[in-house]
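In: Curious how this folds, go ahead:
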Amino acid sequence: MFDVGFSELIVIGLVALIVIGPERLPKVARTVGHLLGRLQRYVNDVKSDINREMQLDELKKLQEQVSSQARDMERQVNDQMHSVETSLNASIVQGIEDKADPLASIIAVSPAPSSAAVPATAPTDKPAA
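Out: Reported below is the predicted structural model:
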């Protein structure tokens, strides 16, 4: 945190011993130690909270990316299904039209047999007995 060397700590200790006195110095040192410990824990808690928030933001962004990619994929699949369905329906209609047309053309081209074309008595191949 601060760049304090060993010689500087000795100077601070001697000044504290002179100003505070030898009777109260241990109690003040304990109090300062507790306060520094609390300060250090508070700083560490703030750092961990900030890291957690950053990770949470990253996870939210990742979730948004995944959901947008899923929506894009769903849209593409729906478009492909629609195009395949349209293609199949068109081929089914074409197949039905192809099957119906030959029958209609055969019926329209071939004349119906008339009664004049059929002989009244048909020759038989059997000899009379």
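
In: Give me the residue ranges of this protein where confidence is low.
Out: By pLDDT under 70, the weakly predicted segments of the chain are 1-2, 100-129.

In: mind redoing it with 90?
Out: For the chain, the stretches with pLDDT under 90 are 1-6, 9-10, 12-14, 16-22, 24-26, 29, 90-129.

In: can you pull out the helices in it?
Out: 6-20, 25-109 (DSSP state H).

In: now those helices as a markdown table including mean neighbour count?
Out: C-beta here means a position set from N, CA and C on the backbone, and glycine is covered the same way. Converted to a markdown table, the helices of the chain look like this (neighbours: other C-beta atoms under 10 Å):
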| stretch | mean neighbour count |
| --- | --- |
| helix 6-20 | 11 |
| helix 25-109 | 10 |
